[in-house]
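Asker: Attaching a predicted model along with its sequence, questions to come.
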Amino acid sequence: MLELKEFSRIDWRGTAAAIQRLEDEKRALEESDDQLRTLREQFTEIDKQYKAADGQREDASKRLGAVQDRLQQTQNDRHAALEERASIPEDDITANNALLEQWREQVLGEHSLELRLLTTQQKSMRDALQGKIDADEKAANRLREKIVEQMQRYKAAYPVETAEMDASTAALPEYCRQLKALRDDDLPRFEARFKELLNKETINSMAAFQAYLQRRRDEIEERIRIINASLTSIEYDRMQATYIELVSLPSADADVRNFQTDLRDCISGGDERGELYTEQKFLQVKALVERLNGREGQADLDARWRIKVADVRN
């Protein structure tokens with residue numbers, strides 16, 4: 001019993017000492033609390049700055065990688081451009097540079113080429129050039145169609161000379177060779193003279209044809225006059241002292257009268273300048289001659305018409 005009481009007293013004293021130490025530490029910690037808070041705040045701020053700096057470092061690293069990639073691509077493009085330029089004749093480069101400068105002025109105006117804007121400026125130039133190419137292509141297609149149309153007309157007018165030639169732009173060299181031959185022969189120089197003589201001779205021939213018909217008519221009129229002169233001495237009715245007389249009257253047939261009118265129109269009048277040998281007169285004569293000769297598909301009808309209108313007895 002005595003020993004237990006002594007142990008309890010000794011333990012209590014150790015506990016009191018421990019409590020005292022804790023209180024001393026508590027006071028020390030309370031005194032240093034402001035310093036800890038300050039350190040924690042500084043640590044938090046430094047941690048934020050570190051993370052931000054680390055993020056900036058990663059962004060900078062990515063940008064640097066992108067710049068390096070662009071630099072490598074630019075170097076590759078430059079190398080390829082230099083190789084391509086070396087393969088182009090110097091005269092072509094000079095001519096193309098002048099042409100590109102003209103387009104630069106039209107598209108970019110006063111703005112000069114800048115490396116940082118090169119992609120945008122290149123796109124603007126390409127779009128403008130492509131628009132020009134498309135417009136020129138449409139114009140070329142229209143011109144190609146007109147050329148083919150003229151080829152078709154030429155082939156229709158000269159089937160023998162163009163029998164082995166196609167109406168296509170691929171055959172253009174053949175047409176050019178024929179054109180050169182015509183120019184070398186200087187045939188266009190005689191075209192106006194030939195046309196004048198053709199018109200003149202054709203119209204004059206029609207005038208001679210009308211004069212021939214008129215002579216035949218005059219011969220019949222003269223024969224009628226001679227016959228009438230004889231008939232006046234022969235009494236037809238002694239009581240009334242009459243005699244017979246033959247009278248020629250113009251035909252009332254529409255075909256005959258129209259033919260006489262057409263024939264007269266072919267060789268009379270003229271244009272506003274009084275010119276008789278005109279293209280219009282030639283076409284009038286041509287139409288009349290074709291009917292006299294017999295038109296395709298109407299040969300029998302034209303033959304009957306010709307017999308009737310060309311018979312001077314009518």
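Answerer: Good, I have the coordinates. Residues are numbered from 1 along each chain as shown.
Asker: Can you give me the separation between the most centrally placed residue in the chain and Ile133?
Answerer: Nearest to the centroid of the C-alpha atoms of the chain, with distances taken as CA atoms, centre = their mean, sits Ala139, at 2.2 Å. Plainly put, Ala139 is 11 Å away from Ile133 if you go by CB to CB, to the nearest Å. Heads up, the C-betas are built off the backbone N, CA and C, glycines and all.
Asker: now the longest helix anywhere in the chain, how far from the centre of its chain.
Answerer: The longest helix of the chain (DSSP state H) is helix 2-86. On the basis of CA atoms, centre = their mean, to the nearest Å, helix 2-86 sits 75 Å off its chain's mean C-alpha point.
Asker: With stretch 172-186 instead?
Answerer: Here stretch 172-186 is found 26 Å from its chain centre; the criterion is CA atoms, centre = their mean.
Asker: Go ahead and name everything in contact with that stretch.
Answerer: 147, 151, 154, 161, 165, 188 (CB atoms under 8 Å, 6 or more residues apart in numbering).
Asker: Which strand or helix spans the second one?
Answerer: Just to be clear, that refers to Met151. Here Met151, judged by DSSP states H and E, is contained in helix 118-157.
Asker: which helices and strands sit right next to that helix?
Answerer: helix 90-108, helix 172-185 (3 or more CB pairs under 8 Å, 6 or more residues apart in numbering; DSSP states H and E).
Asker: let's see it at 6 Å
Answerer: Counting contacts by 3 or more CB pairs under 6 Å, 6 or more residues apart in numbering; DSSP states H and E, helix 118-157 packs against helix 90-108.
Asker: Now do the helix it packs on against helix 118-157: the angle between them, please.
Answerer: Calculated by axes from the mean of the first three to the mean of the last three CA atoms, to 10 degrees, helix 90-108 forms an angle of 110 degrees with helix 118-157.
Asker: mean confidence score for helix 90-108?
Answerer: Average pLDDT, helix 90-108: 77.
Asker: buried sites along it?
Answerer: 104, 108 (16 or more other CB atoms under 10 Å).
Asker: Dihedrals phi and psi, Glu161?
Answerer: In terms of degrees, to the nearest 10, the main-chain angles of Glu161 are phi -70, psi -20.
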